[in-house]
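Novice: next input, structure requested:
(2 chains)
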Amino acid sequence: MKNPMRLTGGMSIIPSQEELIDNILSSQLEKSQARLILLIDTSGQVISFHGERGSIDLVALGALTASDLAASEEIARLTNQYQANQMVIRQGSKMNTIVYDVNHNMILLYIVPATVPLGWVCYLVRESSTQIKEALAKIQNNSDVKLLDLKENNLNELINNALDQVWKD
Amino acid sequence: MNINWQLRQLRLKIVYYGPAMSGKTTNIEQIHKRIDPKNRSNLVSLKTNDDRTLYFDFMQFELGKICGMAPCIQLFTVPGQEYYKASRKLVLRGADGVVFVADSSAARMNDNLDAWLDMGTALNEMNLPIGKIPLVVQYNKRDLADAVPVTSLHESLGVGEFPEFEAVAFNGEGVFNTLKSIINDVIHQVQKELQ
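Specialist: Numbering: from 1, shown residues only, chains lettered A, B, ... in the order given. Now for the predicted structure:
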């Protein structure tokens, strides 16, 4: 291709940021009595998970949560109700589920017993979102960007070998 | 793209796009079937009662270490039916690469073109015009009696210089080559972006 291409400008999280996020979510788990708290990016990739994993398929949960919020946001747009930091609340008889748009790059999912007041949980979701944004802003992300600095020929070979190894004919 | 430096994991999203029933889901099913289970997730499919994709199909798999990082590839399909246009746009969000699956049947030429133009519009709206995002074209169902010559498909879609592959996804033919090509393109793009 003649034109330079570009990626969609995704996210990069360094260990010190991840540590701060883990501390925030760990504290939130206790305060909210949540069964689980999941932080993902907008494409559904899992950034952090706290709570009872049990047999939950985290990869699928991440993809479905991101799609859930994206669909809800689109419904809001189509009906002229879109606002920033949309929150989707699903009330159940035993569990409530809250999905929250942190900063257009990240999404929080809380699954909390219905016995915990919903207003309190919503407050905590917003609080954790603010804390995460502050934590990310505080630490400069100056990660080593040369991680894939190899000659192109060699990179092709490495990728193809890695694919051959996982593929069964 | 999402990089977790703690786990040294590079996560990439690839979307299979194309007209209804062109074989997008079949591609993902074949990939799911052929990737070692210890390296892949379950296949998640949100389907209608008549087995058509309602929202998306999804799976993820991991590659071994490349340059000290472990690439983790997420594959999505979009629903092909015309009335799921809004859902298609949502699935495209955050994509690092796209595979366009065209149906080789002569009867589906217009559907291919509609889907190609629809994809172009959706990518434009996301500020990612065709040519700015890694893209691979797959001409599927090459075994059909009324399969159109590849050169005609190439010309009618205006595919230009994008990598192209012939496939019969139903039996796995061409599926791996298409996947290899898009992953190579995306990782090369990541390399360029990070330098």
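Novice: so where do the helices sit in chain B?
Specialist: Assigned by DSSP state H, chain B shows helices spanning B:24-34, B:85-92, B:109-125, B:150-157, B:175-194.
Novice: to clarify, my last question referred to chain A.
Specialist: If DSSP H is used as the criterion, the helices of chain A fall at A:15-32, A:58-78, A:118-138, A:152-166.
Novice: what's the least confident stretch among those?
Specialist: Per-stretch averages of pLDDT across the helices of chain A put helix A:152-166 at the bottom, with a mean of 81.
Novice: pLDDT wise, what is the residue nearest the centre of chain A at?
Specialist: Centroid-nearest residue in chain A: residue A:40, 0.9 Å away (criterion: C-alpha atoms, centre = their mean). What the model reports as pLDDT for residue A:40 is 91.
Novice: OK, contacts around it?
Specialist: By C-beta atoms under 8 Å, 6 or more residues apart in numbering or on different chains, the contact set of residue A:40 is A:46-47, A:62, A:65-66, A:106-107, A:109. Where C-beta positions appear, they are placed from N, C-alpha and C, glycine not excepted.
Novice: looking at those residues, which one is closest to residue A:32?
Specialist: Ranking these by separation from residue A:32, with C-beta to C-beta as the measure, puts residue A:109 on top at 12.0 Å.
Novice: contacting residues for that closest one?
Specialist: Contacts of residue A:109 by C-beta under 8 Å, 6+ apart are A:36-40, A:61, A:65, A:97-100.
Novice: in the sheet, who's paired with it?
Specialist: Judged by DSSP bridges, the bridge partners of residue A:109 are residue A:38, residue A:99.
Novice: and it, how far is that from chain B?
Specialist: 16 Å (C-beta to the nearest C-beta, to the nearest Å).
Novice: which ones are touching residue A:49?
Specialist: When contacts are counted by C-beta under 8 Å, 6+ apart, residue A:49 is found next to A:36-39, A:58.
Novice: same question but for residue B:186, I mixed them up
Specialist: Contacts of residue B:186 were listed using C-beta under 8 Å, 6+ apart, and they are A:7, B:12, B:14, B:96-97, B:134.
Novice: can you rerun that using 10 Å?
Specialist: Residues in contact with residue B:186, defined by C-beta atoms under 10 Å, 6 or more residues apart in numbering or on different chains, are A:5, A:7, A:159, B:1, B:10, B:12-14, B:71, B:73, B:95-98, B:133-134, B:136.
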